[in-house]
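[1] below: sequence and its predicted model.
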Amino acid sequence: MSKQLRIRHIVFLVPPNSTLLTMVGPLEVFTKAIEQFDMVDKDIDFTYQAHVVSMGKGRQIDTSSGLSILSEGCYTEIDYPIDTLIVTGLARHLEDNLKDEMIEWIKDQAKTTRRICSVCSGAFILAEAGLLDGKKATAHWSRNEALEQMYPLVNVQIARIFIKDGNIYTAAGITSGMDLALALIEEDLGQSFALHIARWLVLYLKRPGNQAQFSSYLDSKLIGNPTIRRVCEWILEHLREDITVEKMAEYAAMSPRNFARVFVRELRVTPAKFINKLRVENASQHLIETQLSLDEIADNCGLKTGENLRRQFISFMEITPAQYRKSFRSSWADVAV
């Protein structure tokens, strides 16, 4: 006789005109996990059931891409205990006639729900409910500044892919919702099963939450000041060398004091911090793509020693180089040729 499994209800709360991929991506991760439950390598007493519910009245949800989806119904019709609530992204601001009642409902759910999550601009809904006050959180990089301004009590992490703070989880968007879903499954069912699901979905890799939304180098390409932009390109070409403000200022034909001031104005970060972040990003690629030791990687990236690499890596990524390498490499260890 088979064992009766408890159901953990995973609920996707989808607003009108939602960004489709913020819901479909993580939903497919959980759907595949349900299909593959017999591959879990530990004893469990539960299974998942995924639900898509609408923030608006009625079952139809129009998305920002023009494709409509048919949900189970409105969130007010839910009559089962929610294990994990995932609020997906808005294409624009939520209509006032939906907001107040729904915010109160989310506040009530937060009292009993094991995990409260958002993807992309869904973080604004959690912030409106006060669930992000005093917590670290993130949203899509283009909306993080607005999130910070509108909700000053939220500790906005500008570049993170996803963040867990207590039982609150926020993901950047758009595809980072899949990374968050894999992390939630890993919490429940272990790393090997989460990696199995990642492989099944042909995901390139299962990214840790502290992976950056975008690289500092790509960010520097958007700088309006052509002189500072050229300096950033020069920095990338000379990462292995000792780079001082004086050298950069000389290359820019500016005084060191004026150069540092203009650099901070353009990039909102000091030259030293920008260089160290570039070196850490460069090191992260070496960790993924090579078998080099930490000392060898440090030398290639201008961080000199493995110990300095480790210290800088933890400072920027909040994870050790060894943990970072393992989180990427273990996904493909059994399929390497």
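    That came through fine. Numbers count the residues shown, from 1 in each chain.

[2] got phi/psi on the closest residue to Ile158 other than its chain neighbours?
    Excluding its sequence neighbours, the residue lying closest to Ile158 (Cβ to Cβ, 6 or more residues apart in numbering) is Asn144, at 4.9 Å. All C-beta spots, glycine's among them, are computed from the backbone N, C-alpha and C. Dihedral pair for Asn144: phi -70, psi -40, per degrees, to the nearest 10.

[3] so who does Ser68 touch?
    With contacts taken as Cβ atoms under 8 Å, 6 or more residues apart in numbering, Ser68 has the following neighbours: Gln60, Ile61, Asp62.

[4] how far away is the first one from Gly73?
    Going back to what we said before, that points to Gln60. Gln60 sits 10 Å away from Gly73, taking Cβ to Cβ, to the nearest Å as the criterion.

[5] same check, this time on the last one
    Using Cβ to Cβ, one obtains 16 Å as the distance from Asp62 to Gly73.

[6] ok, the second one next?
    Separation of Ile61 from Gly73 (Cβ to Cβ) stands at 11 Å.

[7] looking at these two, which one has more neighbours?
    Each of Ile61 and Gly73 has its neighbours counted (other Cβ atoms under 10 Å); Ile61 has more, 23 against 15.

[8] the more buried one and Cys74 touch, don't they?
    No: using Cβ atoms under 8 Å, Ile61 makes no contact with Cys74, being 10.3 Å away.

[9] what touches both of those two?
    When Cβ under 8 Å, 6+ apart defines a contact, the residues bordering Ile61 and Cys74 alike are Ser54.

[10] helices of this structure, residue ranges please.
    20-35, 96-110, 122-128, 144-150, 176-189, 191-200, 216-220, 226-237, 245-252, 256-267, 271-289, 294-301, 306-317, 321-329 (DSSP state H).

[11] which of those has the lowest mean pLDDT?
    In terms of average pLDDT, helix 216-220 trails the rest of the helices of the chain, at a mean of 53.

[12] contacts only, for the closest residue to Val154 other than its chain neighbours.
    The shortest distance from Val154 to any residue that is not its chain neighbour, by Cβ to Cβ, 6+ apart, is 4.4 Å, and that residue is Leu132. Residues touching Leu132, when contacts are defined by Cβ under 8 Å, 6+ apart, comprise Ala123, Leu126, Tyr151, Leu153, Val154, Ile168, Thr170.

[13] my read: the fourth one touches Leu131, true?
    No: Leu153 sits out of contact with Leu131 when judged by Cβ under 8 Å, with a separation of 10.8 Å.

[14] so for the two, which sits in the more crowded spot?
    Neighbours were tallied for Leu153 and for Leu131 using other Cβ under 10 Å; the higher tally belongs to Leu131 (24 against 10).

[15] any low-confidence regions in the stretch 1-150 of the chain?
    Low-confidence regions of the stretch 1-150 of the chain, defined here as pLDDT under 70, cover residues 1-3, 91-98.

[16] switch to 80 and redo it
    In the prediction, the stretch 1-150 of the chain carries residues with pLDDT under 80 at positions 1-3, 41-42, 90-99.

[17] about what we covered before: which one of the helices of the chain lies closest to Thr84?
    The stretch from those with the least distance to Thr84 (Cβ to Cβ) is helix 176-189; that distance is 6.5 Å.

[18] in the closest one, which residues are buried?
    Using 16 or more other Cβ atoms under 10 Å as the burial criterion, the residues of helix 176-189 that qualify are 176-186, 188-189.

[19] do stretch 296-316 as well
    By neighbour count on 16+ other Cβ under 10 Å, the buried set for stretch 296-316 is 297-303, 306, 308-310, 312-313, 316.

[20] between the residues you listed, which is nearest His196?
    Out of the buried residues of stretch 296-316, the member with the shortest distance to His196 (by Cβ to Cβ) is Phe313, at 27.7 Å.

[21] tell me how far the residue nearest to that closest one when sequence neighbours are not counted lies from Arg230.
    Sequence neighbours aside, Pro321 is the residue nearest to Phe313 in space, at 4.9 Å (criterion: Cβ to Cβ, 6+ apart). According to Cβ to Cβ, Pro321 and Arg230 sit 31 Å apart.

[22] same question, Leu67
    As judged by Cβ to Cβ, Leu67 and Arg230 stand 44 Å apart.
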